[in-house]
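**Q** sharing a sequence plus its predicted fold:
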Amino acid sequence: VVTTKHHEGFCLWDSELTEYKATRTPAGRDLLRPMVDAFRARNMKTGLYYSLLDWHHPDYTVDVKHPLRYNSEYVALDRERQFQRYVDYMFGQTRELLTNYGQIDLLFLDFSIA
């Protein structure tokens, strides 16, 4: 299982839905593809971890672990955020992962608010 996107929202693949991704860094490439290819070259099952939290997306609302949860001005913006836009984004990204990388044996969706 490899992390594709953690809570901070940075993507290791070339998502068409965000600019916050590995291809826009000095690495300049999809970092997920070589790992998936290496798993398959060794006949290993392929699992992807994807965080349902995304503290970078402008429509993701503040949760109890959000790094800006104590910033009252940032929290107040939740009234203007449209969470459905984030949900559409999240489904779009999981669709990318499940269609662009061949057979995925396990998709680990993390939602870790405690």
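**A** Good, I have the coordinates.
**Q** per-residue pLDDT, Ile113?
**A** pLDDT for Ile113: 60.
**Q** which one is Arg29 nearest to, not counting chain neighbours?
**A** Thr23 (6.1 Å; Cβ to Cβ, 6 or more residues apart in numbering). Where you see a C-beta, it was placed from the backbone N, CA and C, and this is true even at glycine.
**Q** again, but for Gln103
**A** That would be Thr46: by Cβ to Cβ, 6+ apart, it lies 7.0 Å from Gln103.
**Q** my read: the one you found touches Val36, true?
**A** Yes: look at Thr46 against Val36 with Cβ atoms under 8 Å: they come within range, at 5.6 Å.
**Q** these two: who's more crowded?
**A** Val36 (23 against 19; other Cβ atoms under 10 Å).
**Q** that one reaches Gly102, doesn't it?
**A** Yes: taking contacts as Cβ under 8 Å, Val36 lies within contact range of Gly102: 7.3 Å.
**Q** now for the two: what residues contact both?
**A** Thr46 (Cβ atoms under 8 Å, 6 or more residues apart in numbering).
**Q** burial of Gly102, as a residue count?
**A** What Gly102 shows, counting by other Cβ under 10 Å, is a neighbour count of 10.
**Q** still on that earlier bit, pretty sure the residue nearest to Arg29 sits against Leu12.
**A** No: in this structure, Thr23 is not within contact of Leu12 by Cβ under 8 Å, at 9.4 Å.
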